[in-house]
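A.B. asks: What follows is a predicted structure for the sequence shown.
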Amino acid sequence: MKSVTFSEIVRIRERPFFLRCPATWRQLFPWVLTMAVGLPLLMLVLHLIDPETPLPFIVLPALVGGLMPVVMMGPGSFEMRTRFDAHHMISTLDEALVSLGYRRTRSDADRISYFRPLPWLRGREGSIEVAVQPHTLQVVGPVGSLRLLQQRIAC
């Protein structure tokens, strides 16, 4: 992989798809339930274990941890640059995405789409789009999946 370089993952300045879509109660319900019931219960248990601990030391990390799924599903992109034709990198990208549970859904000369079928994701949520250019593959998808993808390809 000496001839391939990765750019940094850059967040795309748009809201995650599941926050833009009005009919996402099915996706948001587990997260809202966790934030409304699970985290207060966790904070109560931690406070009962050690009542001397100041509440901000319990509440702030719990809230940050509850917001992590929203942050990781946010859209981002990175580029894979190579000295040779980028079409040769597609098989490596396919193997890495299949190992992460993605399936190729659409493919043509300059665009490839991947989708990971999960029960709480619908439509294009969690999908990865790849733009093929002569010496570059531009990958767009959820930030968490892009980080895992970079790790898989780099190994």
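C.D. replies: Sure thing, it's come through. Numbers count the residues shown, from 1 in each chain.
A.B. asks: other SSEs contacting the helix or strand where Leu44 lies?
C.D. replies: Assigning secondary structure by DSSP states H and E places Leu44 in helix 39-49. Helix 39-49 sits against helix 55-72, with contacts defined as 3 or more C-beta pairs under 8 Å, 6 or more residues apart in numbering; DSSP states H and E. Placement of C-beta: from N, CA and C, glycine included.
A.B. asks: what sits up against the helix it packs on?
C.D. replies: Helix 55-72 is contacted by residues 16, 19, 31, 34-35, 39, 42-43, 46-47, 142-144 when judged by C-beta atoms under 8 Å, 6 or more residues apart in numbering.
A.B. asks: follow-up on the earlier one: relative to helix 55-72, how tilted is the helix holding Leu44?
C.D. replies: Our comparison of helix 39-49 with helix 55-72, counting by axes from the mean of the first three to the mean of the last three C-alpha atoms, to 10 degrees, yields an angle of 150 degrees.
A.B. asks: Alpha carbons only: can I get helix 39-49 in CSV?
C.D. replies: This file holds the C-alpha atoms of helix 39-49, laid out as CSV (Å, rounded to 0.1, in the frame of the first residue of the first chain):
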residue,chain,number,x,y,z
LEU,A,39,-28.8,7.5,30.9
PRO,A,40,-30.6,8.9,33.9
LEU,A,41,-30.8,5.4,35.3
LEU,A,42,-27.1,4.9,34.7
MET,A,43,-26.4,8.2,36.4
LEU,A,44,-28.5,7.3,39.4
VAL,A,45,-26.7,3.9,39.8
LEU,A,46,-23.3,5.6,39.5
HIS,A,47,-24.3,8.2,42.1
LEU,A,48,-25.6,5.5,44.5
ILE,A,49,-22.3,3.6,44.1
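A.B. asks: List of residues touching it?
C.D. replies: Residues from elsewhere that reach helix 39-49 (C-beta under 8 Å, 6+ apart): Thr53, Leu55, Ile58, Val59, Ala62, Leu63, Gly65, Gly66.
A.B. asks: how about 10 Å then?
C.D. replies: By C-beta atoms under 10 Å, 6 or more residues apart in numbering, the list of residues contacting helix 39-49 from outside reads Thr34, Thr53, Pro54, Leu55, Phe57, Ile58, Val59, Pro61, Ala62, Leu63, Gly65, Gly66.
A.B. asks: Among the residues you listed, name the buried ones.
C.D. replies: For these, a burial check counting by 16 or more other C-beta atoms under 10 Å picks out Ile58, Ala62, Gly66.
A.B. asks: where in this protein is pLDDT low?
C.D. replies: The chain contains residues with pLDDT under 70 at 1-2, 14-28, 71, 118-125.
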